[in-house]
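Asker: Give the three-dimensional model of this entry:
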Amino acid sequence: MRGRLRVYLGAAPGVGKTYAMLGEARRRVDRGTDVVVGYLETHGRAHTAEMAEGLEVVPRKTMTYRGALFTELDTAAVIARSPRVALVDELAHTNVPGSRHDKRWQDIEELLDAGIDVISTVNIQHLESVNDVVEQITGVPQRETVPDEVVRRADQVELIDMVPEALRRRMAHGNVYPPEKVDAALGNYFRVGNLTALRELALLWLADKVDDQLDRYRADHDISRTWEARERVVVALTGGAEGDTLIRRASRIADRSKGADLFAVHVTRSDGLTGANPANLARQRALAESLGGTFHQVVGDDVPRALLDFAQGVNATQLVIGSSRRGRFAQLLSRGVGVQTTALSGPIDVHMVTHEGASRGRRPERLSALTRRRRAAGFVLAVAGMPALSMVLAALRGELSLASDIMMFLVGVIGVALAGGLWPALVAAVLGSLLLNYYFSPPLYQFAIAERENVLALVVFLAVAAAVSAVVDLAARRTRQAALASADAAVLATLSHSVLGGERALEGLLERLRETYGLTSVTLLERPPDTPLTPGRQTDPQRWRVAAAVGGRPCGSPDDGDVDLPIDDGLALVLRGPTPSAADRRVLEAFAAQAAVALRQQRLEEQAERVRPLAEADRMRTALLSAVSHDLRTPLASAKAAVESMRSPDVHWSDADRDELVDTAAESLDRLDRLVANLLDMSRLQAGALGISTRSLALEDVVPRALDDLGSGDVLLRIPGDLPEVLADPTLLERVLVNLIANALRYTPPGRSVLVTASALGDSVELRVIDRGPGIPESDRDRVFEPFQRLGDRDNHTGVGLGLALSRGLAEAMGGGIEPEETPGGGVTMILTLPASPRTAGHREAVGHAADAVILDRVETWRNRLAGDGLP
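Answerer: Numbers count the residues shown, from 1 in each chain. Model prediction:
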């Protein structure tokens, strides 16, 4: 039997999730339940540690990663212990590489599969669906996430809620973070606005989960009645122009209740031949989504029943319907959709909204089944064929009865209906009845009928002929409608494939329209925002501008083209070329509506592209403030403490102690100087204001100076003597080498050396810094060059993460670059590429042996100095 999962959800760190989890564990222990602590993170909080006292703890598993020791949940040990309940803190935690699973929630899944109940904790910022929203609010990216589905599948999710002011007071009292971190936290992540937004996110996410649970409960218990747990407003759309009014009215109704949902629904008949105006529906869909609603399309021949089924399915509380557009006489014959829906609505409130088209009647679009030529041929066949048939039957008068003559005339009427449609068939039926009366019904050659049964036969003939003609015409009409609908669907499918498969959606859409209908040009015109609206269409090109065009010369105004499709007050699609038929108008309007949507998307993308640098700069500033808070404060604090100690009159310092304090202050200030220099150079690089002076340099001269700056470390230097000189700025190149070699030394295991080699490749020189560390996953190799990245580091004591980003920027500024690749056998090789100096290519070979001697002498001197310092 699978275990049960209980999750404590919080809006931010410090609200008390772990404390609540421990409280629940103590209550279960008091009831006699077997409870163990699988993994607990107290974060140094005394109250949390006190609450954990007395609970059985399963020892953690110790792992080594990049030379450091880490502890993780020992899943196998917990399963072997087989408790009834296990406490596993931090659901979204990422395990140390080499662990049994990549994520802790996967460890928890294994415990659940083993039949162990698990209690865990997670913050809202770690849920995958809101991760980007949290970063926008707080400016802090969250690297550790958990799929929403993992938490949604939990048997219980309990929100640990706390108002922002109370959480900030708890932090100020030192109950969340150490005192030295409180001020920075309160001024950044834990601002009142951030905490309020995170709290709302947590409440809304949990409300959605409660909705899911309620829907499952209603489905499991076959409950179809509406439960007004939350306001849900459904607006019914027919595809008419009044839909905009209905959507806005429904939105105002939904806005009266905080958190209400808005659903727009259109019912399509199952035959698919009586669809609404696609342009109107596309516009109304965009309007509903812009107002925070969703658009849905359902199929049903009984419109009132389909509307109510949808409303009950989403647990709607209110339904908005437009007043009937049918005339008064039509309303007397049938109650209409609105009246029927109201009568069947039950507990759902129905709003009948009036509009401009109400009660004005609607004339349904009637598609002709046959062409004019077919109808003309039908009339000719009726007028000429019926007399010809009479002549043939008159010659056979002695052999056929009146009933047989009627059947032959009925066959003739059906033939006319197949050839020319309804009206020619009706003419043939009337003409046939007159000819039957005159030539075949006694008394002959008179428009009179002697026997009553002949009267009935002629009347039945006329009625059957008319009915059969109507049925044949309707079948032909439906067949043509189906063919046109299939053609329209094929065009729209090709359209969607063209738009979705292309990079430039708007131009692709217009080009597809031009090709489909053989047009000369297609132009999308827009009215500038400052152009005043005047009655009628404007022919002045100065009042319009071309938003997009394909084909020949674009149209300058709506009247320049052969077909003008107005989209709204500010947009028009103008076509030049063969005039499409009236039956194609619906598809053209769909093209126009999609063109408007594509234009808006293109404008939004352009705006996003313009805003992206600003957002990136803001992200950089936020990351900078977050990253340097510790690195600026630490050297300043160290230097200040050393200076104040020397100035203290209460302590007498020896010369050795004073020298040590001076060295400490100098080292701290040097560290601060390097940090500020990196920040300034990074700012200059981003602003394009970094001054660079390149000249020919020999790598064997620059690399040893970089090693001298590092001061310590096991580095092997192998640079050929015949290597060409490079074009670079000596100061910047030394900075790049220091950063690359220092980074390699940081991750190289003890007892292993960092190798620096160089070689010529065409017109460039490649210098390789090779380490034997844990390596970098291929997916993260570009991310390590982003500013303020410390991939894999878990503290802020190793710098702000500018080294590699600055190094790549400086290398590119000098005309080179830096690329990482995997070191065979494990590790990372950083390849620094620099342009070779053309004037030294032939000279280097002549001095190669002398240069080799100089290099070996310098390297040996540097290694001897390190050995004298007691370093390996």
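Asker: Any buried residues in stretch 578-593, and which?
Answerer: Pro580, Asp584, Arg586, Val587, Leu588, Glu589, Ala590, Phe591, Ala592, Ala593 (16 or more other CB atoms under 10 Å). Yep, even glycine has a C-beta here, placed from its N, CA and C like the rest.
Asker: Now do the SS call for Leu573.
Answerer: With DSSP: H, G, I helix; E, B strand; the rest coil as the basis, the three-state label of Leu573 is strand.
Asker: Quick one: residues contacting it.
Answerer: Each residue near Leu573 by CB atoms under 8 Å, 6 or more residues apart in numbering is listed here: Val522, Thr523, Leu524, Leu525, Asp564, Leu565, Ile567, Leu588, Phe591, Ala592, Ala595.
Asker: any idea which of these is closest to Ala86?
Answerer: Among the contacts of Leu573, Ala595 lies closest to Ala86 (CB to CB), at 58.4 Å.
Asker: hmm, back to that, go through the contacts of Leu573 and name the one nearest Leu402.
Answerer: Nearest to Leu402 among these, with distances taken as CB to CB, is Leu588, at 54.5 Å.
Asker: so how far is Pro566 from the closest one?
Answerer: In this view, Leu588 and Pro566 are 12 Å apart by CB to CB, to the nearest Å.
Asker: again, but for Arg576
Answerer: Following CB to CB, the distance that separates Arg576 from Pro566 is 16 Å.
Asker: For those two, indicate the residue with more neighbours.
Answerer: Arg576 (19 against 16; other CB atoms under 10 Å).
Asker: In contact with that one: list those residues for me.
Answerer: Residues in contact with Arg576 (CB under 8 Å, 6+ apart) are Leu519, Thr520, Ser521, Val522, Thr523, Gly551, Gly552, Cys555, Asp560, Gly561, Asp562.
Asker: about what we covered before: in JSON lines, list the buried residues of stretch 578-593 along with secondary structure and distance to Thr833.
Answerer: Below are those laid out as JSON lines (DSSP: H, G, I helix; E, B strand; the rest coil; distance: CB to CB, whole Å):
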{"residue": "Pro580", "secondary structure": "coil", "distance to Thr833": "59"}
{"residue": "Asp584", "secondary structure": "helix", "distance to Thr833": "59"}
{"residue": "Arg586", "secondary structure": "helix", "distance to Thr833": "59"}
{"residue": "Val587", "secondary structure": "helix", "distance to Thr833": "55"}
{"residue": "Leu588", "secondary structure": "helix", "distance to Thr833": "56"}
{"residue": "Glu589", "secondary structure": "helix", "distance to Thr833": "57"}
{"residue": "Ala590", "secondary structure": "helix", "distance to Thr833": "53"}
{"residue": "Phe591", "secondary structure": "helix", "distance to Thr833": "50"}
{"residue": "Ala592", "secondary structure": "helix", "distance to Thr833": "52"}
{"residue": "Ala593", "secondary structure": "helix", "distance to Thr833": "52"}
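Asker: now, among the residues you listed, which is nearest to Arg256?
Answerer: Distances from Arg256 to those, taken by CB to CB, are shortest for Ala593, at 30.4 Å.
Asker: Could you say which helix or strand holds the closest residue to the closest one other than its chain neighbours?
Answerer: Using CB to CB, 6 or more residues apart in numbering and skipping the chain neighbours, the partner closest in space to Ala593 is Ala282 (3.6 Å). Using DSSP states H and E, Ala282 maps to helix 278-290.
Asker: Val157 sits in which helix or strand?
Answerer: Going by DSSP H and E, Val157 is part of strand 156-160.
Asker: Could you do Leu727 as well?
Answerer: strand 726-728.
Asker: which residues are contacting that strand?
Answerer: Outside strand 726-728, the residues that touch it by CB under 8 Å, 6+ apart are 694-697, 699, 702, 733, 765, 814-816, 834-837.
Asker: 10 Å instead, please
Answerer: Outside of strand 726-728, the residues within contact range by CB atoms under 10 Å, 6 or more residues apart in numbering are 692-699, 702, 733-734, 736, 758, 760, 764-765, 767, 810-811, 813-816, 832-840.
Asker: Which helix or strand lies directly C-terminal to that strand?
Answerer: Using DSSP H and E, the helix or strand that follows strand 726-728 in sequence is helix 730-747.
Asker: Please point out which parts of that following helix sit buried.
Answerer: 732-747.
Asker: Export stretch 698-705 to PDB, keeping only CA atoms.
Answerer: Taking Å, rounded to 0.1, in the frame of the first residue of the first chain, the C-alpha atoms of stretch 698-705 are listed here in PDB:
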ATOM      1  CA  ALA A 698      54.700  36.900 -26.000                       C
ATOM      2  CA  LEU A 699      52.700  34.500 -23.900                       C
ATOM      3  CA  GLU A 700      55.800  33.300 -22.100                       C
ATOM      4  CA  ASP A 701      56.200  36.900 -20.800                       C
ATOM      5  CA  VAL A 702      52.600  37.300 -19.600                       C
ATOM      6  CA  VAL A 703      51.800  33.900 -18.100                       C
ATOM      7  CA  PRO A 704      54.500  33.900 -15.400                       C
ATOM      8  CA  ARG A 705      53.400  37.400 -14.300                       C
END
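Asker: now it, how far from the chain's geometric center?
Answerer: In terms of CA atoms, centre = their mean, to the nearest Å, the centre of stretch 698-705 is found 50 Å from the chain centre.
Asker: hmm, back to that, just the contacts of strand 726-728: which are in helices?
Answerer: When DSSP state H is applied, those are split such that Leu699, Val702, Leu733, Glu734, Val736, Leu810, Ala811, Ala813 fall in helices.
Asker: residues in contact with the first one?
Answerer: Right, the one you point to is Leu699. Neighbours of Leu699 in contact, by CB under 10 Å, 6+ apart: 717, 719-720, 723-726, 728, 733, 737, 756, 758, 765, 767, 832, 834, 855.
Asker: switch to 8 Å and redo it
Answerer: Contacts of Leu699 by CB under 8 Å, 6+ apart are Ile719, Leu723, Glu725, Val726, Ala758, Val765, Leu767.
Asker: Show me which of the residues you listed is closest to Pro424.
Answerer: Checking the contacts of Leu699 against Pro424 with CB to CB, the nearest one is Val765 at 90.3 Å.
Asker: Counting neighbours, what do you get for the closest one?
Answerer: Here the count is done by other CB under 10 Å, and Val765 has 24 residues near it.
Asker: Would you mind measuring from Gln136 to Asn743?
Answerer: Distance from Gln136 to Asn743, by CB to CB: 31 Å.
Asker: actually Arg695, sorry about that
Answerer: For Arg695, the distance to Asn743 - CB to CB - is 26 Å.
Asker: what mean pLDDT does the strand holding Val157 have?
Answerer: Per-residue pLDDT over strand 156-160 has a mean of 92.
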